[in-house]
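>>> after the sequence you'll find the predicted model.
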Amino acid sequence: MKRIYFLIGCVLLGTVLSASAQPLLKVSPEEVGMDSRRLVYADRVIEKAIAEKQIPGAVLAVVRNGKMAYLKAYGNKQVYPSILKMETSTVFDLASLTKPLATALSAMVLVERGEIRFLDKVNDFIPDFQPWVGEDGKKKDIRVIDLLTHTSGLPPYAPVTELQQKYGSPNPDGLIDYISTCPRDFEPQTDFQYSCLNYITLQRIIEKVSKKNLRDFAKQNIYTVLGMKHTDFTPAGETFRRVAPTEKLAQGGLLRGIVHDPLARVMNGGISGNAGLFSDADDIAILAAALQNGGQYNGKRILSPLGVKTMRTVPRHVASLGRTPGWDIFTAYASNNGDLLGPNTYGHTGYTGTSVVIDPDNDVAVILLTNRAHPDDGGEAVRLRSLVANAVAASIVDAKR
């Protein structure tokens with residue numbers, strides 16, 4: 001009898017887990033107030049970009065009212081050394097989409113739990129982390145919010161080859177040592193400068209506070225909670241088999257399932273706050289739906305409604321600079337938002353050709369995934385992102401005016 005109860009329990013548990021891992025309900029565009037005839041324009045601009053060899057292929061997902069209104073694959077996920085067709089289930093190197101989808105979200109989880117706050121000084125967690133020092137000797141500490149909004153004054157990047165020679169690789173401690181003492185470019189909160197070093201520093205804070213590496217923390221508190229099955233750093237198994245390659249290697253072969261970004265790959269061993277996350281359109285759509293639903297999807301919550309609102313709001317003290325804690329509203333990097341979506345639209349891009357745009361007023365998300373860095377780190381996706389966002393926005397027939 002006990003064995004029967006045990007088997008029934010296993011079946012029920014499996015049912016619950018399976019239910020939590022379901023992708024978004026797929027509906028026709030018309031069911032969520034969109035015109036499928038107008039979405040054809042998005043198809044055309046993507047197909048044109050492929051024909052002009054700007055990208056080898058793409059996956060487009062449109063989320064509206066918590067449902068998948070459009071999901072389509074275009075072109076090829078690999079063109080060298082052989083051709084492999086793009087599929088909607090293809091997993092991509094998300095590059096800097098790691099910043100909002102892993103690092104910033106993880107930081108917000110800790111903020112909501114009362115374990116860190118935006119005004120905390122970085123050197124509260126990294127004792128050797130130096131403040132900004134002006135020519136007159138004036139000092140100003142860099143704080144968590146400065147990292148999140150790219151207003152810290154840290155340089156954009158770091159000399160990977162020099163760090164590798166000095167510290168060996170991978171060596172996350174050596175990288176943090178460099179960031180802690182490298183020259184600061186300006187006084188915190190006085191300017192915006194996009195910097196991978198901000199989010200690598202945030203990673204160290206998250207790991208020190210949570211006592212878990214970023215990969216495990218994000219998986220346990222975000223991706224597993226929402227049932228995202230193919231989102232991970234250093235992917236393996238079925239997720240790895242779905243990965244689209246990026247660049248050809250000088251010694252032969254392709255980067256596949258290994259992060260393209262040099263700092264993340266060489267110094268941080270693939271788990272990095274600035275890059276390294278892999279995912280597919282279905283999983284990112286779930287996360288977008290959760291953000292559009294106040295931090296909850298399918299009865300599972302990762303953030304509070306106020307936490308989500310904070311993440312998409314530019315802080316008052318840097319209101320003119322355009323960055324929120326994790327996302328971009330109106331800096332020069334925000335062209336992927338297009339021209340037609342609402343004024344509260346926020347988004348982010350990745351170097352490899354990935355993009356997420358979310359308009360909370362019209363409850364729509366545009367997820368465009370390409371591997372434009374394949375096979376020669378060429379290609380171009382900047383203009384394409386805007387064109388696709390415009391076509392999707394124009395397909396919304398019940399948009400708020």
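Noted; the coordinates are in hand.
>>> any figure for the gap between Asp136 and Glu187?
For Asp136, the distance to Glu187 (CB to CB, to the nearest Å) stands at 11 Å. Just so you know, the C-beta spots here come from the backbone N, C-alpha and C atoms, and that holds for glycine as well.
>>> quick one: which of these two has more around it?
Legend: neighbour count by other CB atoms under 10 Å for Asp136 and Glu187, higher for Glu187 (18 against 5).
>>> my guess is that one contacts Val133. True?
No. Look at Glu187 against Val133 with CB atoms under 8 Å: they stay out of range, at 9.5 Å.
>>> ok, which stretches of the stretch 201-350 of the chain are strands?
Per DSSP state E, counting those that start in this stretch, the stretch 201-350 of the chain has strands spanning 232-233, 277-279, 296-297, 300-301, 346-350. These are given in chain order.
>>> likewise for the stretch 1-150 of the chain?
57-64, 67-78, 84-85, 92-93, 132-133, 139-140.
>>> hmm, who's touching the last one?
Yep, that's strand 139-140 we're talking about. Residues outside strand 139-140 that contact it (CB atoms under 8 Å, 6 or more residues apart in numbering) are 131-134, 187-188.
>>> can I get these in TSV including pLDDT?
Formatted as TSV, these follow (pLDDT from 0 to 100):
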residue	pLDDT
Pro131	98
Trp132	98
Val133	97
Gly134	95
Glu187	98
Pro188	98
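>>> make TSV out of those and add distance to Asn76.
Compiled in TSV, the contacts of strand 139-140 are given as follows (distance: CB to CB, whole Å):
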residue	distance to Asn76
Pro131	49
Trp132	47
Val133	51
Gly134	52
Glu187	48
Pro188	45
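>>> and the strands of the stretch 1-150 of the chain as a markdown table, adding distance to Ala393 and mean neighbour count?
A markdown table is the format used below for the strands of the stretch 1-150 of the chain (distance: least, CB to CB, whole Å; neighbours: other CB atoms under 10 Å):
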| stretch | distance to Ala393 | mean neighbour count |
| --- | --- | --- |
| strand 57-64 | 10 | 27 |
| strand 67-78 | 13 | 21 |
| strand 84-85 | 29 | 13 |
| strand 92-93 | 23 | 30 |
| strand 132-133 | 40 | 17 |
| strand 139-140 | 40 | 13 |
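>>> in a markdown table: those, plus distance to Asn293.
A markdown table is the format used below for the strands of the stretch 1-150 of the chain (distance: least, CB to CB, whole Å):
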| stretch | distance to Asn293 |
| --- | --- |
| strand 57-64 | 10 |
| strand 67-78 | 11 |
| strand 84-85 | 33 |
| strand 92-93 | 24 |
| strand 132-133 | 39 |
| strand 139-140 | 38 |
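>>> who wins for proximity to Phe278 among the ones you listed?
Distances from Phe278 to each of the strands of the stretch 1-150 of the chain were compared using CB to CB; the minimum, 5.9 Å, belongs to strand 92-93.
>>> chain center to that closest one, what's the gap?
10 Å (CA atoms, centre = their mean, to the nearest Å).
>>> could you list every helix and strand in contact with it?
strand 277-279 (3 or more CB pairs under 8 Å, 6 or more residues apart in numbering; DSSP states H and E).
>>> report all helices and strands that the strand it packs on contacts.
If contacts are counted by 3+ CB pairs under 8 Å, 6+ apart, strand 277-279 sits against strand 92-93, strand 232-233.
>>> what do you get if the cut-off is 7 Å, keeping everything else the same?
Strand 277-279 makes packing contacts with strand 92-93 when contacts are defined by 3 or more CB pairs under 7 Å, 6 or more residues apart in numbering; DSSP states H and E.
>>> what's in contact with the strand it packs on?
By CB atoms under 7 Å, 6 or more residues apart in numbering, the surrounding residues in contact with strand 92-93 are 244, 246, 259-260, 278-279, 352, 354, 369, 371.
>>> so which pair among those residues is furthest apart in space?
Within the contacts of strand 92-93, Val259 and Leu369 form the most distant pair, 15.4 Å apart (CB to CB).
>>> ok, these two, which is more surrounded?
The residue with the greater number of neighbours, taking Val259 and Leu369 and applying other CB under 10 Å, is Leu369; the counts read 31 against 28.
>>> so where does that one fall, helix or strand?
Taking DSSP states H and E as the definition, one finds Leu369 inside strand 364-370.
>>> quick one: that strand to strand 57-64, angle?
Taking axes from the mean of the first three to the mean of the last three CA atoms, to 10 degrees, strand 364-370 and strand 57-64 form an angle of 170 degrees between their directions.
>>> direction included, what does strand 364-370 pair against?
Paired with strand 364-370 in the same sheet, following DSSP bridges, are strand 57-64 (antiparallel), strand 354-359 (antiparallel).
>>> Throw those strands into a markdown table and include distance to Phe240 and mean pLDDT, thanks.
Conversion of the strands paired with strand 364-370 to a markdown table gives the following (distance: least, CB to CB, whole Å; pLDDT from 0 to 100):
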| stretch | distance to Phe240 | mean pLDDT |
| --- | --- | --- |
| strand 57-64 | 17 | 98 |
| strand 354-359 | 18 | 98 |
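>>> let's have those in JSON lines, adding distance to Val160.
Conversion of these to JSON lines gives the following (distance: least, CB to CB, whole Å):
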{"stretch": "strand 57-64", "distance to Val160": "29"}
{"stretch": "strand 354-359", "distance to Val160": "21"}
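>>> out of those, which gets nearest to Pro127?
Nearest to Pro127 among the strands paired with strand 364-370 is strand 354-359; the distance by CB to CB comes to 35.2 Å.
>>> neighbouring contacts of the closest one?
Outside strand 354-359, the residues that touch it by CB under 7 Å, 6+ apart are 92, 94-95, 97, 284, 288, 291-292, 336-337, 341-342, 345-349, 365-370, 385, 389.
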